[in-house]
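[1] let's see this in three dimensions:
(chains A, B and C)
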Amino acid sequence: MRCGGDNAELMAAKRSLRKLRRSFYDRDAIDVARELIGKILVHRRAGEEFRARVVETEAYVGPHDLACHASKGRTGRTEVMFGRAGHAYVYLIYGMYQMLNIVTAGVGDAQAVLIRAAEPLGGWESDLSGPGKLAREMQIGRAQNGLDLTGSELFLLDDPADRPRVVRSKRVGIDYAGEWVHALLRFYDAQSASVSKPR
DNA sequence: GCGTCGATGGCA
DNA sequence: GCCATCGACGCG
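    Numbering: from 1, shown residues only, chains lettered A, B, ... in the order given. Next comes the predicted model:
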């Protein structure tokens, strides 16, 4: 992995980045989903570090939300969603793609935020415009399920200088979810070219 | 540029 | 028998 060098501006920017704490995640998914836009996702693994700026998320707001996996009850797969905020919920879909989610809200309150797209940072080129591609390219999978995001392997950073214009829309790929299809629970950076389609 | 379709495996 | 997806294919 490439590491910046001695550019003064870059060093100053890096110094102001702060890891998101438990309190950031311990809120309703809808608030966390909106505020995650512009945050920096970091995955350290096997001597490599992947960084990317989050540009698209979706909120899954609890058991009453028919698109939320928790609406099917507490199962082996969804167990982490019912646990403490600030942990990774990663699952396999369509037999070949892994989805990275962030558990939010209190214990027993099963809410989560799906990370759908990001822009690679740090001289690393990759297409992260979709949840399956993002997880694959950042080498995030079920091995990372349950990881504590206040730790040092998988976490998010706040860049105080990054103030994106965030817009809302319907969530993608949940046509089975009845009236919840229409809920505006998807958030994305209006300026980003890395947002997954459709707009 | 669109719509349609198949891959592929864990889970309920 | 579903899927919080993606990429390949066929149109005309």
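[2] what does the pLDDT read for the most centrally placed residue in chain A?
    With distances taken as C-alpha atoms, centre = their mean, the residue of chain A nearest its centroid is A:I115 (3.0 Å). Listed pLDDT for A:I115 reads 98.
[3] does it sit in a helix, a strand or a coil?
    State at A:I115, reduced to three classes by DSSP: H, G, I helix; E, B strand; the rest coil: strand.
[4] now the strands for chain A?
    Assigned by DSSP state E, chain A shows strands spanning A:18-19, A:40-45, A:48-60, A:88-93, A:97-104, A:111-121, A:154-158, A:166-169, A:186-189.
[5] around DNA strand C, pick out the residues from chain A.
    A:58, A:60, A:67-69, A:93-97, A:99, A:101, A:112, A:114, A:130-134, A:171-174, A:176, A:196 (C-beta under 7 Å from any atom of the strand). Placement of C-beta: from N, CA and C, glycine included.
[6] what separation do you get for the nearest residue in space to A:A52 that is not next to it in sequence and DNA strand C?
    Nearest residue to A:A52, sequence neighbours excluded (C-beta to C-beta, 6 or more residues apart in numbering): A:A118, at 3.7 Å. Noted for A:A118: a distance of 11 Å to DNA strand C, by C-beta to the nearest atom of the strand, to the nearest Å.
[7] let me know whether A:A118 touches A:F50 as I believe.
    No. The criterion here is C-beta atoms under 8 Å, and A:A118 misses it with A:F50 at 9.7 Å.
[8] near DNA strand B, which residues of chain A are found?
    Counting by C-beta under 7 Å from any atom of the strand, chain A comes close to DNA strand B at A:72, A:75-78, A:92-96.
[9] alright, I will stop here.
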